[in-house]
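Asker: Next come a sequence and a model predicted from it.
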Amino acid sequence: MSFYDLPAWKTSSFNGFKHKYLYIRSSDSSKPVILFLHGFPDGPLGFSATIPYFIHAGYGVLAPELLGYGDTSKPEEIQAYASKNICYILGALLKHENIEEKIIVLGHDFGSSLAARFVQFYPDLAKGLILASAGYSPPGKPFDPDVINAVLSPITGYENVGYIKFMSRPDAAQIIEDHFAAFVALGYAESQVWKERLCPTGAMEKTLKEDYICPMASWVTDDWKRDIAGFILHTGLEAPARWYQALVQGVHIPGEEGLNPNIGIPTLFLQTTEDAVMTGLFTPEGQAPYFSDFTSKPFKTGHWIFAEDPKGSATAILDWFKEKNF
């Protein structure tokens with residue numbers, strides 16, 4: 001049975017939007033629900049190989065298609081993608097499903113920053129936080145790719161986030177759709193390829209317009225390539241690209257003013273050491289001062305840790321759960 005054939009998928013309408021999500025209750029009443037928050041462009045599919053380990057261990061699973069993805073609503077207003085609004089929706093989802101016990105929030109890519117913001121907006125709703133690939137940044141700060149590249153490039157030897165300048169352009173979605181095969185190959189290429197073909201300013205657009213098919217990572221199977229391409233095509237690119245526009249335009253900043261930058265619940269950071277985008281951007285040493293209880297676990301994977309090493313990543317999380325008595 002494929003991930004999207006599971007009978008636990010639901011579609012509900014609340015807060016003015018339609019929402020699709022996977023919800024499986026905890027089979028062990030002593031164990032909490034894990035809220036899985038995805039990034040771009042894979043949606044909950046990026047967790048599909050990892051989620052079964054948590055179900056088998058008795059934990060509940062709540063994995064929404066976030067705003068702009070899959071069959072969830074795709075508002076055109078950029079303000080709808082502000083962190084405060086998305087977190088409010090997630091809180092409403094918990095209430096809609098009558099989830100009253102404190103949850104564990106797990107985020108990857110864009111979902112990592114969202115996970116951190118959720119526990120800051122709603123500190124009484126979560127007992128643990130997991131950040132994967134992308135780490136923690138304090139709330140209310142602007143995101144300027146040029147500034148980040150200028151700081152990191154002398155350290156890494158290349159620009160890490162130049163692609164975000166392209167992704168935040170209004171024409172990016174159409175360019176990707178016009179060169180879709182090249183986009184899928186680039187997105188799931190070996191990390192070394194990203195250093196040349198994705199990360200530097202202008203590289204992503206050039207790669208797409210050349211219709212260059214990058215060598216894909218060794219873990220990518222034909223089934224994965226089919227499933228991820230199908231999900232992205234079903235979603236479309238225009239709405240997911242609004243997450244990048246919201247990031248660069250700083251729509252989050254007003255709503256995040258006044259949030260406590262420190263997080264007082266146990267937090268696990270899964271550091272993807274071969275991730276060309278995140279290298280140097282999120283270090284354990286830079287994040288630890290914001291947390292009262294911080295654990296970092298390095299993984300020798302690229303960006304897509306839960307697809308590349310589902311067993312290893314799940315085992316590390318479950319071991320941490322035991323340590324924290326979750």
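Answerer: Yep, that arrived. Numbers count the residues shown, from 1 in each chain.

Asker: pLDDT score for residue 148?
Answerer: Looking at residue 148, its pLDDT reads 95.

Asker: Do I have it right that it meets residue 281?
Answerer: Yes - contact criterion Cβ atoms under 8 Å: residue 148 and residue 281 qualify, at 7.1 Å. Glycine gets a C-beta too; all of them are placed from N, C-alpha and C.

Asker: Need the overlap of contacts for these two.
Answerer: Common contact partners of residue 148 and residue 281 (Cβ atoms under 8 Å, 6 or more residues apart in numbering): 160-161.

Asker: Spit out the contact partners of residue 64.
Answerer: 19-22, 36-37, 44, 72, 90, 93.

Asker: just the strands in this protein please.
Answerer: Taking DSSP state E as the test, the strands found in the chain are 9-14, 17-24, 33-37, 60-64, 103-108, 126-132, 267-272, 294-299.

Asker: Can you say which of the ones you listed is nearest to residue 158?
Answerer: For these, distance to residue 158 was read as Cβ to Cβ. The smallest value, 16.6 Å, belongs to strand 267-272.

Asker: Parallel or antiparallel, list what pairs with the closest one.
Answerer: strand 126-132 (parallel), strand 294-299 (parallel) (DSSP bridges).

Asker: got TSV for those strands, with distance to residue 198 and mean pLDDT too?
Answerer: As requested, the strands paired with strand 267-272 are exported to TSV (distance: least, Cβ to Cβ, whole Å; pLDDT from 0 to 100):
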stretch	distance to residue 198	mean pLDDT
strand 126-132	19	98
strand 294-299	20	97
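
Asker: Among the ones you listed, show me which one is buried the most.
Answerer: Neighbour counts (mean count of other Cβ atoms under 10 Å) averaged over each of the strands paired with strand 267-272 peak at strand 126-132, with a mean of 24.

Asker: What angle do strand 103-108 and that one make with each other?
Answerer: 10 degrees (axes from the mean of the first three to the mean of the last three Cα atoms, to 10 degrees).

Asker: C-alpha coordinates for strand 126-132, PDB please?
Answerer: C-alpha atoms of strand 126-132 as PDB (Å, rounded to 0.1, in the frame of the first residue of the first chain):
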ATOM      1  CA  ALA A 126       4.300  20.700  23.000                       C
ATOM      2  CA  LYS A 127       6.600  18.700  25.200                       C
ATOM      3  CA  GLY A 128       9.400  18.100  22.600                       C
ATOM      4  CA  LEU A 129      10.900  19.600  19.500                       C
ATOM      5  CA  ILE A 130      12.900  18.000  16.600                       C
ATOM      6  CA  LEU A 131      14.600  20.000  13.900                       C
ATOM      7  CA  ALA A 132      16.000  18.200  10.900                       C
END
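
Asker: right, and the strands paired with strand 267-272 - which one's nearest residue 8?
Answerer: Nearest to residue 8, of these and by Cβ to Cβ, is strand 126-132 at 21.2 Å.

Asker: Centre of the chain to the closest one, how far?
Answerer: 13 Å (Cα atoms, centre = their mean, to the nearest Å).

Asker: give the contact list for residue 264.
Answerer: 123, 291-293.

Asker: go on, residue 295?
Answerer: 266-269, 320.

Asker: which non-adjacent residue is nearest residue 189?
Answerer: Spatially, and ignoring its direct neighbours in sequence, residue 189 is nearest to residue 214 (3.9 Å; Cβ to Cβ, 6 or more residues apart in numbering).
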